[in-house]
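Visitor: Below is the sequence, then the predicted model.
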Amino acid sequence: EAQQHVPFPINEVVWDYQIMRTDIGEAEALLVAVKTDVIYQLLTEVGSILPGADIVDVGSISLGNIIYQSQDVASMEDGYAVLNLGARSSCVIIVNKDIFWMRILPLGGDSITSGIQKAFEIDFETAEEYKHKGNLRPEIEKAAEPDFNRKLVEQVSGGYTKIIFELKRSLNFFRTQHPG
């Protein structure tokens with residue numbers, strides 16, 4: 001069963017599952033799979049800093065667990081929705097008394113930086129600075145490049161628009177799977 005949900009050969013991954021909910025004749029499970037070489041690389045890197053480390057957890061699942069443990073989610077009808085905006089990807093997590101649901105979004109802050117990089121034909125590091133601090137080029141007279149700020153705002157807002165679109169798409173998918 002796991003093989004059909006994992007995009008790698010099953011002998012190349014470390015995988016585990018957790019039964020999240022059971023109904024008559026059905027079970028809902030959380031399946032997590034990571035390539036074995038990625039796990040060994042992480043354990044090697046972490047082990048050099050923290051000798052004896054032998055557990056690797058998925059950040060988004062850890063965040064969901066923190067929410068679940070720190071709030072009285074077990075008695076909540078509505079629960080929480082959290083967007084974890086990362087560099088290369090983001091994750092939406094929904095937790096309530098009956099549900100622990102998450103979905104990885106293929107966009108993050110780097111997608112905004114890449115848009116700035118292409119629009120201005122600059123290196124990634126400079127584009128990252130533009131994203132965080134805005135116009136870092138006071139030496140350029142506004143008359144010489146009047147569209148700089150407009151172009152920067154277009155790239156940043158366009159990047160966030162794509163992330164919001166993916167978030168809405170995921171929330172709509174969630175609603176179809178968990179009506180009510």
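Guide: Alright, I've got the coordinates.

Visitor: what ranges do the strands span in the chain?
Guide: Using DSSP state E, the strands of the chain run over residues 13-23, 26-35, 80-85, 90-95, 100-105.

Visitor: quick check: angle from the third one to strand 90-95?
Guide: What that stands for is strand 80-85. Comparing the axes of strand 80-85 and strand 90-95 via axes from the mean of the first three to the mean of the last three CA atoms, to 10 degrees yields an angle of 170 degrees.

Visitor: Given strand 80-85, what are its sheet partners and their directions?
Guide: Using DSSP bridges, the neighbouring strands of strand 80-85 in the sheet come out as strand 90-95 (antiparallel).

Visitor: Ok, the second one next?
Guide: For strand 26-35, the pairing partners within the sheet under DSSP bridges are strand 13-23 (antiparallel).

Visitor: Put the alpha carbons of the partner strand into CSV.
Guide: The C-alpha coordinates for strand 13-23 follow below in CSV (Å, rounded to 0.1, in the frame of the first residue of the first chain):
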residue,chain,number,x,y,z
VAL,A,13,13.3,5.2,1.7
VAL,A,14,12.8,5.2,5.4
TRP,A,15,9.1,5.4,6.0
ASP,A,16,6.6,5.2,8.8
TYR,A,17,2.9,5.8,9.4
GLN,A,18,0.6,6.9,12.1
ILE,A,19,-3.1,6.0,12.1
MET,A,20,-4.9,9.3,12.6
ARG,A,21,-8.5,8.3,12.6
THR,A,22,-10.5,5.1,12.2
ASP,A,23,-14.1,4.7,11.1
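
Visitor: rewinding a little: just the strands of the chain: most buried one?
Guide: Taking mean count of other CB atoms under 10 Å as the contact definition, the stretch among those with the greatest mean neighbour count is strand 90-95, which reaches a mean of 21. For the C-beta atoms, the positions are set from N, CA and C on the backbone; glycine is no exception.
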